[in-house]
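**Q** next one to model:
(chains A, B, C and D)
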Number of protein chains: 2
Amino acid sequence: MAEKRRVTQKDVALRAGVSQAIVSTVLTGKEGNIRINQETRNRVLQAMRELGYTPNIAAQSLAGGMSRILGVFTYDSVFPTNRKDFYYPFLEGIEEEASRSDFDLLLHTRTVGEGNRRSIYRGGTNRLLVADGTLLLGFMDPAHREELAQVIAEGHPCVFIGRREIPGGNLSYVTADYTAATWQLVEHLLALGHRKFVYLAEPKQQESALDRRQGYRETGVGEVVSLEPGEFTLACFKRLLRSGVSALVLENDRFARRLQGHMAELGLEAPRDLSYVVLGDPLSGEEDGAPGWTSFEIPRQAMGREAVRLLAEHLLGGLAFPRQLSLPCILRLGNSSGPVPQTQGWG
Amino acid sequence: MAEKRRVTQKDVALRAGVSQAIVSTVLTGKEGNIRINQETRNRVLQAMRELGYTPNIAAQSLAGGMSRILGVFTYDSVFPTNRKDFYYPFLEGIEEEASRSDFDLLLHTRTVGEGNRRSIYRGGTNRLLVADGTLLLGFMDPAHREELAQVIAEGHPCVFIGRREIPGGNLSYVTADYTAATWQLVEHLLALGHRKFVYLAEPKQQESALDRRQGYRETGVGEVVSLEPGEFTLACFKRLLRSGVSALVLENDRFARRLQGHMAELGLEAPRDLSYVVLGDPLSGEEDGAPGWTSFEIPRQAMGREAVRLLAEHLLGGLAFPRQLSLPCILRLGNSSGPVPQTQGWG
DNA sequence: AGATGCTAATAATACGCATAACCCTATGCG
DNA sequence: CGCATAGGGTTATGCGTATTATTAGCATCT
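**A** From the prediction side, this is the model:
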């Protein structure tokens, strides 16, 4: 096999009887300081073809400065086995736009440090710098945020998919507009005549949850109850009903599933006896078994796309960072919300 | 922001008070001609950390070093929207093993040339070369094969996921043992008493299909009928029945779905009136709606894992290429195969 | 005749890293 | 004492390309 040496520009140049610089110039097409006779150009192209020349991309990026690679860093496994938190739709969007913007994608898998904890710095080196810029996904704890703040301070362009706040606040991100979507769902309930609401919130303080609560609070309609979905017991539900609530706003689908159980238990039916809305689409990836409740869809694919676009524009066009982008959610008016029941008949 | 220059080995060297060569040696770990004092090594590592050094992979590959990156090249979009040919399970395996072997993954998205055709050489450049080696997936036409043969001749380590033959025949791959699995399913039918078989084959000549047919042929039980699933009409089915067939071997699930329709139409039931086996799992990603028919499962995740392992061993340990690995499929004895019916009662 | 400008090309250099070739010092040994 | 050897480095070089600085020839203007 003999590991035949690659054909380089020097070889082509030799054959065409010109200097290597001419070959490079012919290749890139940019005639900056250099001008080339059409005939010479043809000779070079001919020689390239004859020798089967292909540029060495490593040398190109070394000389040119850009690798045309975008990193993808996730705070969980990129391809999780439990399809619970599912990066797939994001990745679809990322791939699509990366391809369009002409960037390859570097999936950082070498990031699992001690205790299965993912970290950007590993062995003291920041692996992200391999790429021209990086897209980030997933849940971060405070230490992660510190770390990321440092990476950004060092000048590496990052875009988070989802709103994330870090110390210093210089993080760019593309988020879904949970606040508006929540607001709209509550407005929808108000239009149906509902007046007494309760919002069931998880104790988590993630940005996405905060945004939803913000949207709810902006409507000024009422109470927020914070509890783990597991704590949302039948007794708890009964208490809510007794308080005269006519509509529930559920922070996620885990509340919704428990609620469905409770209502079935009591022989209640939505929206006849009670209306509810769910703030987001189900985490589990079931396409077909999509529940028909009223909710909104997170534009995951678009978020991926826009994140890439933001990053690419920053890298190529010099769009200044940080930049934040908010994409609208798509409302799904389903079968869990309806007019206020005339008589609160139950019991 | 000021576009501060990257930290290079020279910077680290300066800070640690050593030469750049020492920094490089510390980094790669290989002490060939060079020996390093433990204390010096620590100083260097310290300096790296302080300056936030990260290797420039372009320079690394150019200088003949290793970037600890494995390429992933697919002949379709990596994250397809129609979840038809679904790379996901492969990717799961790839990611898992890549992480374990300490390689990042480079997803080649910059590969779409004219007419939506994917090609390794794009604009005449071989994009694969930034990575130390490359994993390939998907369907190839003859031109693709030529191209890949060239890449391999040029010395770039490649492992295909699935058996693929290329001109020259030097391609490494990890495949599922379709031949054995098919053989076993037919044996299963033989054990149930079946004697008259027909194998429904698509006209395609892909390796995976050839392997299945090979397994079928090895049993010596009978006929192969080649037709598009769409051509498998009710009339066609009736003709088969009239010929006295008691068991069908279906090359894929598209035949199976049509068969199910035909049988329902005629009021037939499997395995009461007819047995069939399906050579592989359904292409569509439906988890729950998994059909209960007799078939085998392709060990996709394991294939991904083993492909990475092969490649990593080749890169690190010097395992010679080409290498071919065949993994067993998992038989799923389902409800579409049973004993030969006593009376061929239908009509 | 000298200055100017334009075309067409060459030579030189930098990019960041890996590695081969080389050098110096201390130590051991017969 | 002379030499071999091992330890601990340094210098120099090359990888393939992009790009800048430079040169050389020739026509045009003043």
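
**Q** strands along chain A, start to end?
**A** A:69-74, A:104-107, A:121-122, A:125-126, A:133-137, A:158-161, A:172-176, A:197-201, A:222-226, A:247-250, A:275-278, A:294-297, A:324-327, A:330-332 (DSSP state E).

**Q** quick one: distance of the fifth one to the chain centre.
**A** The chain centroid and the centroid of strand A:133-137 are separated by 9 Å, computed with C-alpha atoms, centre = their mean, to the nearest Å.

**Q** and what of the second one?
**A** The chain centre lies 15 Å from the centre of strand A:104-107; the measure is C-alpha atoms, centre = their mean.

**Q** show residues contacting that strand.
**A** Applying C-beta atoms under 8 Å, 6 or more residues apart in numbering or on different chains, the contact partners of strand A:104-107 are A:68-72, A:78, A:94-95, A:98, A:130-131, B:69, B:95, B:104-110, B:127, B:130. C-betas here are computed from N, CA, C, even on glycine.

**Q** nearest residue to residue A:254 in space, ignoring adjacent ones along the chain?
**A** Among residues not flanking residue A:254 along the chain, residue A:229 sits closest, at 3.9 Å (C-beta to C-beta, 6 or more residues apart in numbering or on different chains).

**Q** what's the neighbour count on the one you found?
**A** Number of residues near residue A:229 (other C-beta atoms under 10 Å in any protein chain shown) recorded here: 17.

**Q** who's in contact with it?
**A** Per C-beta under 8 Å, 6+ apart, neighbours of residue A:229: A:202, A:252, A:254-255, A:258.

**Q** of the residues you listed, select the buried ones using a ChimeraX command.
**A** Typed into ChimeraX, the line below selects the buried ones among the contacts of residue A:229, using 16 or more other C-beta atoms under 10 Å in any protein chain shown:
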select /A:202,252,254,255,258
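
**Q** identify the farthest-apart pair in the contacts of residue A:229.
**A** A:202 and A:258 (12.2 Å; C-beta to C-beta).

**Q** what sits against the nearest residue to residue A:16 once chain neighbours are set aside?
**A** Distances taken as C-beta to C-beta, 6+ apart put residue A:47 closest to residue A:16, at 4.0 Å, once the chain neighbours are dropped. By C-beta under 8 Å, 6+ apart, residue A:47 lies in contact with A:12-13, A:15-16, A:53.

**Q** burial of residue A:8, as a residue count?
**A** Residues near residue A:8, counting by other C-beta under 10 Å, number 17.

**Q** what residues does chain A have near DNA strand D?
**A** Residues of chain A lying near DNA strand D by C-beta under 7 Å from any atom of the strand: A:5-6, A:8-10, A:20-21, A:24-25, A:27-28, A:30, A:32-34, A:53, A:55-56, A:59-60, A:62-64.

**Q** restricted to helices, list these.
**A** Secondary structure from DSSP state H places A:9-10, A:20-21, A:24-25, A:27-28, A:59-60, A:62-64 of these in helices.

**Q** tell me the contacts of residue A:296?
**A** Residues counted as contacts of residue A:296 (C-beta under 8 Å, 6+ apart) are A:181, A:184-185, A:279-281, A:329-332.

**Q** show me the contacts for the residue nearest the centre of chain A.
**A** Geometric centre of chain A, nearest residue: residue A:161, 3.2 Å, by C-alpha atoms, centre = their mean. By C-beta under 8 Å, 6+ apart, the contact set of residue A:161 is A:90, A:135-137, A:173-174, A:303-304, A:307.

**Q** and if you look at residue A:10?
**A** Per C-beta under 8 Å, 6+ apart, neighbours of residue A:10: residue A:20.

**Q** one more: residue A:156?
**A** Going by C-beta under 8 Å, 6+ apart, residue A:156 touches A:126, A:128-129, A:133-134.

**Q** among those residues, who's most crowded?
**A** When neighbours are counted by other C-beta under 10 Å, residue A:134 leads the contacts of residue A:156 with 26 neighbours.

**Q** quick check: that one touching residue A:70?
**A** Yes - between residue A:134 and residue A:70 there is a contact under C-beta atoms under 8 Å: 6.8 Å.

**Q** what touches both of these two?
**A** Common neighbours of residue A:134 and residue A:70 (C-beta under 8 Å, 6+ apart) are residue A:311.

**Q** any weak-confidence spans in the stretch 201-347 of chain A?
**A** Along the stretch 201-347 of chain A, the parts satisfying pLDDT under 70 run over A:283-290, A:343-347.

**Q** any idea how far the residue of it found nearest DNA strand C lies from DNA strand D?
**A** Closest to DNA strand C within the stretch 201-347 of chain A is residue A:315: 16.4 Å, counting by C-beta to the nearest atom of the strand. Distance from residue A:315 to DNA strand D, counting by C-beta to the nearest atom of the strand, to the nearest Å: 15 Å.

**Q** pull stretch A:146-165 out as CSV, backbone CA atoms only.
**A** Provided in CSV are the C-alpha atoms of stretch A:146-165 (Å, rounded to 0.1, in the frame of the first residue of the first chain):
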residue,chain,number,x,y,z
GLU,A,146,-19.2,29.6,36.7
GLU,A,147,-17.3,27.5,34.3
LEU,A,148,-19.2,28.7,31.3
ALA,A,149,-18.8,32.3,32.4
GLN,A,150,-15.1,31.8,32.4
VAL,A,151,-15.1,30.2,28.9
ILE,A,152,-17.0,33.2,27.6
ALA,A,153,-14.8,35.6,29.4
GLU,A,154,-11.9,34.0,27.6
GLY,A,155,-13.6,35.0,24.3
HIS,A,156,-15.0,31.7,23.0
PRO,A,157,-18.3,32.3,21.2
CYS,A,158,-21.1,30.3,22.8
VAL,A,159,-24.8,30.1,22.2
PHE,A,160,-27.1,28.3,24.6
ILE,A,161,-30.2,26.6,23.4
GLY,A,162,-32.7,27.7,26.0
ARG,A,163,-32.4,30.7,28.3
ARG,A,164,-29.6,30.5,30.8
GLU,A,165,-28.2,33.2,33.0
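
**Q** check whether it comes near DNA strand C.
**A** No - figure legend: stretch A:146-165 not in contact with DNA strand C (C-beta under 7 Å from any atom of the strand); closest approach 13.4 Å.

**Q** quick one: that stretch to chain centroid distance?
**A** Counting by C-alpha atoms, centre = their mean, stretch A:146-165 comes out at 14 Å from the chain centroid.

**Q** still on that earlier bit, look at the residue of the stretch 201-347 of chain A closest to DNA strand C and say how many residues are nearby.
**A** Per other C-beta under 10 Å, the neighbour tally for residue A:315 reads 18.

**Q** do the same with the one 5 residues further on
**A** Applying the criterion other C-beta under 10 Å, we find 9 residues in the vicinity of residue A:320.

**Q** quick one, phi psi at it?
**A** Main-chain dihedrals, residue A:320, degrees, to the nearest 10: phi -70, psi 140.

**Q** distance of it relative to residue A:167?
**A** 20 Å (C-beta to C-beta, to the nearest Å).

**Q** re the thing from before, want to throw the contacts of residue A:161 into CSV with distance to residue A:325?
**A** CSV is the format used below for the contacts of residue A:161 (distance: C-beta to C-beta, whole Å):
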residue, distance to residue A:325
A:90, 14
A:135, 13
A:136, 15
A:137, 15
A:173, 7
A:174, 5
A:303, 9
A:304, 12
A:307, 8
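
**Q** need those residues in TSV (columns: neighbour count and distance to chain B).
**A** Formatted as TSV, those follow (neighbours: other C-beta atoms under 10 Å in any protein chain shown; distance: C-beta to the nearest C-beta, whole Å):
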residue	neighbour count	distance to chain B
A:90	26	9
A:135	27	12
A:136	26	15
A:137	22	14
A:173	23	18
A:174	28	18
A:303	24	14
A:304	28	9
A:307	30	14
